[in-house]
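Enquirer: Predicted model follows, preceded by the sequence.
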Amino acid sequence: MADLSLAPRLASQLNEATNDTGRVAFCGPYVLSAITGFPISKVEDVVRDLRDVPQGRKPIVKGTYTEEVQEALSRFGYKMKPVSTFVHLPRKERPTLWSWMQKPRNAWAHYILAIHKGKEGHWILVKGVKMCDTFTEGRWTFVCDGPHRGCRIMEVFEVRRDLDV
């Protein structure tokens, strides 16, 4: 039987990520929270479940892999499919967030982008002309006003509701 507590929430507006943990949360849980509408604590529980964390332990979810984000989304009733990858290109030849925003895409779909932020990888969420991540503290802001316009993109994934659920 399906877990109705993880059923997709239908909403026409953009969900702001809700950090109910009382501490700093990281990019993977923020992006998942903004897509699903569930608080970060619930998202982190799902990721910890994927990692087979021992019962009773609740370590902070600091880094997430593509497979973890994809599987967590599927548990919430969403599909994540790869759209573009630029990891085969040297970093300086990869498109920036701003140049990617100039290209046509579906305005109704969420796009998760893996970008370079310094020496680290970072997840951001884009829908239409707005973006959301840890740097915006879960609030949606226009990409042109956001902190990542010049960041280089590693991979792009499209996220939609899984209508087969």
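Expert: Yep, that arrived. All values reported here derive from a predicted model rather than from experimental measurement.

Enquirer: okay, CA-based contacts and neighbour counts for the rest of this
Expert: Will do.

Enquirer: Could you check how far the residue positioned nearest the centre of the chain is from Pro39?
Expert: Per C-alpha atoms, centre = their mean, the C-alpha nearest to the average position across the chain is that of Val31, at 3.1 Å. Distance, Val31 to Pro39, by C-alpha to C-alpha, to the nearest Å: 11 Å.

Enquirer: Packing partners of whichever strand or helix holds Ile115?
Expert: Here Ile115 sits within strand 110-117, counting by DSSP states H and E. Secondary-structure packing of strand 110-117 (3 or more C-alpha pairs under 8 Å, 6 or more residues apart in numbering; DSSP states H and E): strand 120-127, strand 153-161.

Enquirer: Can you check which residues contact both of Val31 and Pro39?
Expert: Ala17 (C-alpha atoms under 8 Å, 6 or more residues apart in numbering).

Enquirer: How about Lys117: which residues does it bridge to?
Expert: Glu120 (DSSP bridges).

Enquirer: meant to ask about Ser84
Expert: Taking DSSP bridges as the rule, Ser84 bridges to Val156.

Enquirer: Outside of the strand holding Ile115 itself, list whatever touches it.
Expert: Contact with strand 110-117 is made by 31, 35, 121-128, 151-160, as judged by C-alpha under 8 Å, 6+ apart.

Enquirer: what angle sits between it and strand 153-161?
Expert: 160 degrees (axes from the mean of the first three to the mean of the last three C-alpha atoms, to 10 degrees).

Enquirer: how far off strand 120-127 does strand 110-117 point, in degrees?
Expert: Put simply, strand 110-117 runs at 150 degrees to strand 120-127, going by the same axes, to 10 degrees.
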